[in-house]
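Asker: Fold the following.
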Amino acid sequence: METRTALVTGAAQGLGQEFAVALAGRGYRVAGIDLVPQPETAQRVLDYVELIADVTDEEQIGAALERVIDQFGTLHVLVNNAGVYPESPFEDITPEDWRRIMRVNLEAPFLVTRAALPYLKAAGWGRIVNITSAAVLTAPPTMVAYVSSKAGLIGFTRALASALGPYDITVNAIAPSMVRTATAERTVGADGGFEHVRAQQAVPRTQEPSDLVSTLLYVVDPGSGFLTGQTLNVAGGSAYL
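Answerer: Okay, here's the model as predicted:
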């Protein structure tokens, strides 16, 4: 069996770390990109390449991808997980805030995918997974910029799926609810954000990173080659597609 390689952005903690560990458990060699070192992820993943890079910087992304290929020789799976989700009343969003959110949540997946595509094509098949959000469906009023960026990522997923289907490369999105991560605990947990989201869900508990793992593994499986252009809403029934 061919040895497979996966690249996960935002791999230092939270969802990205759990995705990296899960892919390694399925036999993937894993490379992780983040702005910061990833010692905990590296400790949990046996065959891991730590890449410290800014996913909004084209040159840093290119250098990171070259290192992946130098180390592993190939690439099959890309998980565009890195993102930011600040809350703010619409009137308080500055143009600089808007551009930063769009740059990290929408432009970065474009840049990383663009850099990874030649290697996915060379491998003969590939899986691209974009992590969007169920907030696109629930549309919280204090997350206008975030919701706009994640809605754009769904459009990116659909159009890119049409473009890459002839190369046996699928493109899908996963839309979580509010996931209990260290970042979420700091930013929204203290203000009752988890309780508010739980009250809107059919499944009355807070979503954990582990709740997304089985969906990711299903989407990236070589046997899932007929699934593309889809957004899988894994949000405890907070909204329905």
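Asker: When you work out contacts or count neighbours from here on, use the C-alpha atoms and nothing else.
Answerer: Fine.
Asker: Identify the residue nearest the geometric centre of this protein.
Answerer: residue 81 (2.0 Å; C-alpha atoms, centre = their mean).
Asker: Off-centre distance for the helix or strand where residue 214 lies?
Answerer: Using DSSP states H and E, residue 214 sits within helix 213-220. The chain centre lies 12 Å from the centre of helix 213-220; the measure is C-alpha atoms, centre = their mean, to the nearest Å.
Asker: now do stretch 38-56
Answerer: 15 Å.
Asker: Which positions in that stretch come out as buried?
Answerer: Going by neighbour count (16 or more other C-alpha atoms under 10 Å), the buried part of stretch 38-56 is 38, 41-42, 44-45, 48-56.
Asker: Now for those residues: which two are most distant?
Answerer: Farthest pair in the buried residues of stretch 38-56 (C-alpha to C-alpha) is 44 and 56. Separation: 26.4 Å.
Asker: By mean pLDDT, point me to the weakest helix or strand of the chain.
Answerer: helix 182-187 (a mean of 69; mean pLDDT, DSSP states H and E).
Asker: who's in contact with the helix or strand following that helix?
Answerer: Sequence order places helix 193-198 as the next helix or strand after helix 182-187, per DSSP H and E. Helix 193-198 has contacts (C-alpha atoms under 8 Å, 6 or more residues apart in numbering) with 177, 178, 180, 188, 204, 205, 206, 238.
Asker: most distant residue from the middle of this protein?
Answerer: Outermost residue of the chain (C-alpha atoms, centre = their mean): residue 91, 28.3 Å.
Asker: and that one, that's in a helix?
Answerer: Yes: assessed with DSSP: H, G, I helix; E, B strand; the rest coil, residue 91 lies in a helix.
Asker: Tell me the spacing between it and residue 106.
Answerer: Using C-alpha to C-alpha, to the nearest Å, residue 91 is found at 22 Å from residue 106.
Asker: Surely the residue nearest to the centre of the chain and residue 10 touch.
Answerer: Yes: applying C-alpha atoms under 8 Å as the test, residue 81 and residue 10 come out as touching, 5.8 Å apart.
Asker: Now for those two: what residues contact both?
Answerer: residue 16.
Asker: Point out where this structure drops to low pLDDT.
Answerer: Scanning the chain for pLDDT under 70 picks out 1-2, 185-192.
Asker: show me where it has helices.
Answerer: 14-25, 39-44, 58-72, 95-102, 108-123, 135-138, 144-164, 182-187, 193-198, 213-220 (DSSP state H).
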